[in-house]
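Q: Only the shape, not the letters, is given here:
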């Protein structure tokens, strides 16, 4: 009796999912650091210098020790999975998923650019703009989850409407938070 050849598909899928979770965790974390860092730049010395140095260090560690390795792992494991089942490239959901992944990579390069601007002290975005930017990763995560889990059950129209509704809810939540902050600051 011959030993059964090891089926790597479930293992690769699990590793791909773990890498994706760590990527998003790091991305959510670093963008929150950006918001706090941007707010700290409005403080007076010596607090400003101390906080700037600390946030730059935290952002660097998150970016280079967590987010970049996770993104590389997501891409390499995803390519490996596609090499094992190339027929997936003919599926509409996979083409849409690859489009979302391309947007995610673009988002990541924007994160890298924001880190560089903050490191130089040349950030032109406000804390509110950074909060809005943070929701981009949330929407991309929702899109990926919906595409993967509901790929055969959800039409493109309903998927698009769902993402617009989620985006609207997120925008409303941010606007409400901002309104409360302005009210609290004026009180």
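A: Perfect, thanks for sending it. No experiment lies behind these values; they were computed from the predicted model shown.

Q: What's the separation between residue 98 and residue 173?
A: According to Cβ to Cβ, to the nearest Å, residue 98 and residue 173 sit 29 Å apart. All C-beta spots, glycine's among them, are computed from the backbone N, C-alpha and C.

Q: Mind listing residues that contact stretch 46-66?
A: 22, 25-26, 29-30, 33-34, 36-37, 40-43, 111-112, 115, 118-119, 121 (Cβ atoms under 8 Å, 6 or more residues apart in numbering).

Q: Apply 10 Å and report the result again.
A: Residues outside stretch 46-66 that contact it (Cβ atoms under 10 Å, 6 or more residues apart in numbering): 22-23, 25-27, 29-34, 36-43, 45, 67-68, 108, 111-112, 114-115, 118-121.

Q: Can you tell me, leaving aside adjacent residues, what's nearest to the residue positioned nearest the centre of the chain?
A: In the chain, the C-alpha nearest the mean C-alpha coordinate belongs to residue 137, at 3.5 Å (Cα atoms, centre = their mean). Nearest residue to residue 137, sequence neighbours excluded (Cβ to Cβ, 6 or more residues apart in numbering): residue 27, at 4.9 Å.

Q: and the one you found, what helix or strand is that in?
A: Using DSSP states H and E, residue 27 sits in helix 9-40.

Q: what's downstream of that helix, the next helix or strand?
A: Using DSSP H and E, the next helix or strand after helix 9-40 towards the C-terminus is helix 47-62.

Q: Determine how far that following helix lies from the middle of the whole chain.
A: Centroid separation for helix 47-62 versus its chain: 21 Å, with Cα atoms, centre = their mean, to the nearest Å.

Q: in that helix, what counts as buried?
A: Within helix 47-62, the residues that qualify as buried are 51-52, 55-56, 59, 62, counting by 16 or more other Cβ atoms under 10 Å.
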